[in-house]
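> Prediction below, plus the sequence it came from.
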Amino acid sequence: MTAPGTSRVLCFGDSNTYGIVPGERARYAAGVRWPGVLQQLLGAGHDVVEEGLPGRTTDLEDTILGRPGRAGLGYFTACVDSHLPLDVIVLMLGTNDLRTRYARTPDDVARALGRYLDHPAGSAAALGLPVPRFVVVAPPPMDGTAERFVASMPAPGVYDAASAAASRRLAGPLRALAAAGGHAFLDAAPITRTGIDGCHLDADSHRRLAGALAPVVRDLAAGQASPSPVVDPPTGS
């Protein structure tokens, strides 16, 4: 049970929130994954809820591997309602939308992600609770030159060079989306790197991402951030 006065933080994302080890189907330990590191950095008085799922898209069903429940939006609405009250929601999605079969542009991804930003306000207001504040995270870009970029994927034709190029353009539309709604924004690109498969974060990048998020989340949970924070991380550790 969460103690009174504890800030609650929901981390909602895909395999890079779940903690897939690059080039493997294994999962990093809880203390290595960025939500777990974030919990350690925030410490007492904060409760970090981890909601990562490999293959999760913003709102698209999995038409490649046929795995149900990967369209994130429907689950997100129920997930938020089940975890209220929440103070902060860290949202990092979009990579899986760039699979070749979906033919989505970065602007398409931003529009789909924008649908996430309205639901929590209604749910919280209906229960007389404070509205959670968002941190929109631009996910780490894919590295199409990585040694096992295509070979390590769960099925052929999932990503290609165009997917990798589109992932490098995601930050701009997501930054604009966050700024338009007065939400915090963090670009993972300057502080993270992907491993041998070109898609999944290495262990050090989980630590760096959590380190960049911790002060942003702490300030938002305390109500100290400006109404329209757009936060860029430092390039160092």
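Everything's here; your move.

> switch to C-alpha atoms for all contacts and neighbour counts from now on
Will do.

> what residues does the least confident helix or strand in the chain by mean pLDDT touch?
Every helix and strand of the chain was ranked by mean pLDDT, DSSP states H and E. The lowest is helix 119-126, at a mean of 92. Residues from elsewhere that reach helix 119-126 (C-alpha atoms under 8 Å, 6 or more residues apart in numbering): 77, 80-81, 84-85, 130-132.

> mind checking the end-to-end distance for stretch 182-193?
28 Å (C-alpha to C-alpha, to the nearest Å).

> Run through the neighbouring helices and strands of the next helix-or-strand element following the least confident helix or strand of the chain.
Next along the chain after helix 119-126, taking DSSP states H and E as the criterion, comes strand 133-138. Here strand 133-138 touches strand 88-92, helix 171-181, strand 184-187, helix 203-221, going by 3 or more C-alpha pairs under 8 Å, 6 or more residues apart in numbering; DSSP states H and E.

> can we see that at 7 Å?
With contacts taken as 3 or more C-alpha pairs under 7 Å, 6 or more residues apart in numbering; DSSP states H and E, strand 133-138 sits against strand 88-92, helix 171-181, strand 184-187.

> and among the ones you listed, the most buried is which?
With neighbours defined by mean count of other C-alpha atoms under 10 Å, none of these is more surrounded on average than strand 184-187, at a mean of 26.

> what lines up beside it in the sheet?
Within its sheet, strand 184-187 is paired with strand 133-138 (parallel), according to DSSP bridges.

> residues in contact with the strand it pairs with?
Outside strand 133-138, the residues that touch it by C-alpha atoms under 7 Å, 6 or more residues apart in numbering are 87-92, 170-171, 174, 178, 183-188, 220.

> Tell me which stretches of the chain form helices.
15-18, 34-42, 72-83, 106-114, 119-126, 161-167, 171-181, 203-221 (DSSP state H).

> The third one: which residues count as buried?
Residues of helix 72-83 classed as buried by neighbour count (16 or more other C-alpha atoms under 10 Å): 72-73, 76, 80-81.

> about what we covered before: can I get the least confident helix or strand of the chain in CSV? Just the C-alpha atoms.
Only the C-alpha atoms of helix 119-126 are listed here, as CSV (Å, rounded to 0.1, in the frame of the first residue of the first chain):
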residue,chain,number,x,y,z
HIS,A,119,-7.7,11.0,-20.9
PRO,A,120,-6.1,11.3,-17.5
ALA,A,121,-7.6,14.8,-16.9
GLY,A,122,-11.1,13.5,-17.3
SER,A,123,-10.6,10.4,-15.1
ALA,A,124,-8.9,12.4,-12.3
ALA,A,125,-11.5,15.1,-12.4
ALA,A,126,-14.3,12.6,-12.1
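
> Next, the angle helix 72-83 makes with it.
Using axes from the mean of the first three to the mean of the last three C-alpha atoms, to 10 degrees, the direction of helix 119-126 lies 30 degrees away from that of helix 72-83.

> Would you mark the buried spots in helix 119-126?
For helix 119-126, by 16+ other C-alpha under 10 Å, it's 119-120, 123-124.

> for these, which one is nearest Leu98?
His119 (24.0 Å; C-alpha to C-alpha).
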